[in-house]
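Student: Give the three-dimensional model of this entry:
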Amino acid sequence: MGFRWGFLSAYDKLIDIKGNIYDTIDTVANSLEYEDEATLDARWLRKNIATQTLPNGICSLPIKQTCPHANACLTCPSFRTDSQHLSTHREQLTRTKNMIDIATKQGMVRQVELNQAVATSLENIIETING
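Tutor: All right, here's what the predicted structure looks like:
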């Protein structure tokens, strides 16, 4: 297709916490018929995601569901991000690794486990963005 829709053109290929890539244009093109750009954006958003913006991506949880977790996005399979948030991911990975080091030294096993899951997701995302 020779055009890009408003909402979708704001994002590169979206990446989940495991490093899987989602091509937003193909996803939308396969699920909707051609209409004007504003209608396509509105229909896609209503149909597909809760449109909750996050500081480093978006939530792709279906609109009819609610998230039972506070601040668990980087361990949630509904989280999506793209290359525009790379510096945020790198900064968060640095802070997360520092927290893991501190928690390890203090014998805080559960904090290490929780933060390691976040670090793994961030490493997957950063590796995929960097190609």
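Student: what number of residues lie near the residue nearest to residue 104 when sequence neighbours are not counted?
Tutor: The shortest distance from residue 104 to any non-neighbouring residue, by Cβ to Cβ, 6 or more residues apart in numbering, is to residue 112 (5.5 Å). C-beta coordinates here come from the backbone N, C-alpha and C atoms, glycine included. Neighbouring residues of residue 112 were enumerated by other Cβ atoms under 10 Å; the total is 18.
Student: which outside residues touch the stretch of helix or strand residue 112 belongs to?
Tutor: Using DSSP states H and E, the element containing residue 112 is helix 109-130. Contact with helix 109-130 is made by 15, 17-21, 74-75, 79, 81-83, 86, 89-90, 92-93, 96-97, 99-100, 103-104, as judged by Cβ atoms under 8 Å, 6 or more residues apart in numbering.
Student: buried residues in that helix?
Tutor: Within helix 109-130, the residues scored as buried using 16 or more other Cβ atoms under 10 Å are 112, 114-116, 118-122, 124-126, 128-129.
Student: and of the residues you listed, the nearest to residue 57?
Tutor: residue 125 (8.6 Å; Cβ to Cβ).
Student: What separation is there between that closest one and residue 99?
Tutor: 18 Å (Cβ to Cβ, to the nearest Å).
Student: By pLDDT, give me the weakest of the buried residues of helix 109-130.
Tutor: pLDDT across the buried residues of helix 109-130 is at its lowest for residue 114, which sits at 82.
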